[in-house]
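> Fold the following and give me the result.
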Amino acid sequence: QVQLVESGGGLVQAGGSLRLSCAASGRTFSSYAMGWFRQAPGKEREPVAAISWNGYSTYYADSVKGRFTISRDNAENTVYLQMNSLKPEDTAVYYCATTTAYLNTNWGIPGRYAYWGQGTQVTVSS
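Got it, this is the predicted structure:
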């Protein structure tokens with residue numbers, strides 16, 4: 001069993017930055033790939049970024065490439081999402097998730113992830 005708790009969301013103006021954190025419980029955090037997803041009102045959950053268990057491989061949605069950076073600290077059982085140059089269309093609830101699956105082109109499929117956090121709200125004002 002893995003428990004995930006997101007933090008760091010909030011209200012920010014367009015062009016601003018936020019850093020989301022996802023703290024994981026469990027001794028096997030370093031064995032799991034991690035992903036960030038988001039869901040805006042009335043829309044489906046969409047992938048944002050993912051990182052392999054060792055941090056060597058990262059994946060990004062086209063909409064956030066060059067603006068968001070995913071990273072992890074296995075010693076702290078935490079994964080981060082640094083979000084820069086935020087846009088109003090980035091407004092959503094952001095979720096972290098974890099999977100034991102090997103990430104490749106399937107990284108953005110929510111069904112590949114077994115455990116999810118409760119989400120943190122990010123609101124970007126124009």
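
> so where's the protein shaky on pLDDT?
27 (pLDDT under 70).

> Tell me which residue is most central in it.
Closest residue to the average C-alpha location of the chain: residue 36 at 2.1 Å, with C-alpha atoms, centre = their mean.

> Could you pull up the residues touching that residue?
For residue 36, the contacting residues are 20, 22, 47-50, 70, 79, 81, 94-97, by C-beta atoms under 8 Å, 6 or more residues apart in numbering. From N, CA and C alone the C-beta is placed, and that goes for glycine too.

> Please, which helix or strand holds it?
Using DSSP states H and E, residue 36 sits within strand 33-39.

> follow-up on the earlier one: from residue 26, how far off is the closest residue to the residue nearest to the centre of the chain other than its chain neighbours?
Using C-beta to C-beta, 6 or more residues apart in numbering and skipping the chain neighbours, the partner closest in space to residue 36 is residue 48 (4.3 Å). Taking C-beta to C-beta, to the nearest Å as the measure, residue 48 falls 22 Å from residue 26.

> Show me which of these two is the more surrounded one.
Between residue 48 and residue 26, residue 48 has the larger neighbour count (other C-beta atoms under 10 Å), namely 25 against 15.

> sec struct for that one, please.
In three-state terms, and counting by DSSP: H, G, I helix; E, B strand; the rest coil, residue 48 is strand.

> my guess is it meets residue 38, correct?
Yes - assessed by C-beta atoms under 8 Å, residue 48 is found in contact with residue 38 at 5.3 Å.

> So for these two, which residues contact both of them?
The contact sets of residue 48 and residue 38 overlap at residue 94 (C-beta under 8 Å, 6+ apart).

> Enumerate every residue touching residue 70.
34, 36, 49-51, 58, 60, 79-82.

> For beta bridges, what are the partners of it?
Beta bridges link residue 70 to residue 81 when assigned by DSSP bridges.
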